[in-house]
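Q: Structure of the sequence below:
(chains A, B, C and D)
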2 protein chains.
Amino acid sequence: MPATTVPQRRESALSRERIVDAAIALLDATGEQGLTFRALSERLATGAGAIYWHIDNKHALLMAACDAVVARAVNAPAAEAKPADKIRSVALGLFEAMDAHPWAGAALSRAGGQLPVVRILESLGQQVRALGIPDAWQWSTTSALMSYILGVGGQNAAHAQLARQQGFDRTDTMTEVSQAWLQLDQDTYPFTRSMASSLPRHDDRADFLAGIELILRGMASQDPR
Amino acid sequence: MPATTVPQRRESALSRERIVDAAIALLDATGEQGLTFRALSERLATGAGAIYWHIDNKHALLMAACDAVVARAVNAPAAEAKPADKIRSVALGLFEAMDAHPWAGAALSRAGGQLPVVRILESLGQQVRALGIPDAWQWSTTSALMSYILGVGGQNAAHAQLARQQGFDRTDTMTEVSQAWLQLDQDTYPFTRSMASSLPRHDDRADFLAGIELILRGMASQDPR
DNA sequence: ACCTGAACACCGTTCAAGT
DNA sequence: ACCTGAACACCGTTCAAGT
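A: Numbers count the residues shown, from 1 in each chain, chains lettered A, B, ... in the order given. Sure thing, here's the model as predicted:
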């Protein structure tokens, strides 16, 4: 028992972790534009400026929230799986995380070399290596995989945001988009028009996984250069 | 000579097109956060609220700006090329457009079923069809291609934005990112660390094209299901 | 029909002042 | 060391009023 004990924090004491948790809850509840320092500080029963003692700025807050979501998704896969299966599993975990937290999909799709993206890169890169992809191609292969995953996340986030501001669910929103596509000119948009009617019935998750298989097949068929 | 002639507009008259052109110039000059109605109306020598007569809101303005950029990029490819070459050419055109206009990369990566994205979808989808991909796979194949392209655009936009706010050029920014990656823990980030040192020397364009080849190879190797 | 520009209801961020 | 909350410098958008 040392004389100087670490001062016990009150249950309500602020901390970076509590702030990030509250931010995630707020983002889930009110969407990307619902995250404001005023709303967040109210939720934390503190002053608006207090948060700045623990977090640099709004961008850092959003990245920290993304990082928490990504970390959970990426650490999920079982250790014994084969490399290709691990890639499938990490990819699906990220898809579902971004589906559950569309704001994360939107933020990650433009998160550059930031920590949450590095987490994804590492997780995929290790498996690309384990698959025996030659050194010279590991980078471009891993980035391609990641860009695809984040690209899907970004597009889905847009759909989710559209749905939110319409007050619709996903199917209704997709029906709306489908209607709009059917108005397009037949001659200049033949492909889009032909896809329009089946759009609301598509399984996003299955489409996403089909894209992963496409890339995995490309990786399997050798021919560097 | 009809008695009622269409009133000749003054050179300085506002129009949707002039507004969008000015917005693109402003975005190129000052980045995504530089586009404000105040700055734009000053550039157009008009009142802040006047723009709302021609454009619904800021999101519509940004989409219109993206659409102009995308339309130029997508209409470029020569008509006689083979489908796979056309895909390469459209993809590269989009890459370069998003490289020249990072704000477009950022906006498109989260643009859902909006018009500029439809333009890309159509352009890619027509070639996917021409390649003979079976009906059941045309959608997932085309979306995968597009998600990859937009994913890369989003990530590059983040790098460009980081560079802008640092006042650095791309190489300096990548050197900075590389340094940060070298600080990561060796045991948890072996892949990222091993890639860090060569990061600033990478050719983004070549990496992007390698990803397109990966997907094209996956498309070529049959095996539906 | 088209434009003006003040006004409104917000933002993120700072910072003197408190404990 | 940590927190408060008013203040600052912005935003997007609206709208009465003009031409």
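Q: What part of chain A, helix or strand, is modelled with the least confidence?
A: Within chain A, no helix or strand scores below helix A:170-182, which has a mean of 92 by mean pLDDT, DSSP states H and E.
Q: For the helix or strand just after that one, name the packing helices and strands.
A: Of the helices and strands lying after helix A:170-182 in sequence (DSSP states H and E), the nearest is helix A:190-196. Secondary-structure packing of helix A:190-196 (3 or more C-beta pairs under 8 Å, 6 or more residues apart in numbering or on different chains; DSSP states H and E): helix A:170-182, helix B:115-130, helix B:135-166. Just so you know, the C-beta spots here come from the backbone N, C-alpha and C atoms, and that holds for glycine as well.
Q: what mean pLDDT does helix A:190-196 have?
A: For helix A:190-196, mean pLDDT is 97.
Q: how close does the residue of chain A found nearest DNA strand D get to A:Asp21?
A: Of the residues in chain A, the one nearest DNA strand D is A:Gly49, at a distance of 1.8 Å by C-beta to the nearest atom of the strand. Applying C-beta to C-beta, to the nearest Å, the value for A:Gly49 to A:Asp21 is 20 Å.
Q: and the two? which has more neighbours close in?
A: Taking neighbours as other C-beta atoms under 10 Å in any protein chain shown, A:Gly49 and A:Asp21 compare with A:Asp21 leading, 14 against 9.
Q: Quick one, grab the pLDDT at A:Thr4.
A: 31.
Q: Next: the one 10 residues further on.
A: On the pLDDT scale, A:Leu14 is placed at 92.
Q: check contacts around it.
A: The neighbours of A:Leu14, taking C-beta atoms under 8 Å, 6 or more residues apart in numbering or on different chains as the test, are A:44, A:46, A:50-51, A:53-54.
Q: Narrow the residues you listed to those that are buried.
A: A:44, A:46, A:51, A:54 (16 or more other C-beta atoms under 10 Å in any protein chain shown).
Q: May I see the residues you listed arranged in TSV, with distance to DNA strand D and pLDDT as well?
A: Converted to TSV, the buried ones among the contacts of A:Leu14 look like this (distance: C-beta to the nearest atom of the strand, whole Å; pLDDT from 0 to 100):
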residue	distance to DNA strand D	pLDDT
A:Leu44	8	96
A:Thr46	3	95
A:Ile51	8	97
A:His54	6	97
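Q: quick check: domain ranges of chain A?
A: A:1-55, A:67-220 (automatic domain parsing).
Q: Buried deepest among the ones you listed, which one?
A: domain A:67-220 (a mean of 19; mean count of other C-beta atoms under 10 Å in any protein chain shown).
Q: Could you export the helices and strands packed on helix A:190-196 as TSV, including distance to B:Arg72?
A: As requested, those are exported to TSV (distance: least, C-beta to C-beta, whole Å):
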stretch	distance to B:Arg72
helix A:170-182	22
helix B:115-130	10
helix B:135-166	15
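Q: weakest of those helices by average pLDDT?
A: helix A:170-182 (a mean of 92).
Q: do that helix and chain B meet?
A: Yes. Helix A:170-182 reaches chain B (C-beta under 8 Å from any C-beta of the partner chain) through A:177, A:180-181.
Q: From B:Ile149, how far off is the residue nearest to A:Gly112 when sequence neighbours are not counted?
A: Distance criterion C-beta to C-beta, 6 or more residues apart in numbering or on different chains; nearest residue to A:Gly112, sequence neighbours excluded, is B:Ala158 at 2.9 Å. Applying C-beta to C-beta, the value for B:Ala158 to B:Ile149 is 16 Å.
Q: Check the contacts of A:Leu14 and tell me the two furthest apart.
A: A:Leu44 and A:Trp53 (12.0 Å; C-beta to C-beta).
Q: Double-check A:Met219 against A:Thr141; I have them as touching.
A: Yes. Under the criterion of C-beta atoms under 8 Å, A:Met219 makes contact with A:Thr141 at 6.1 Å.
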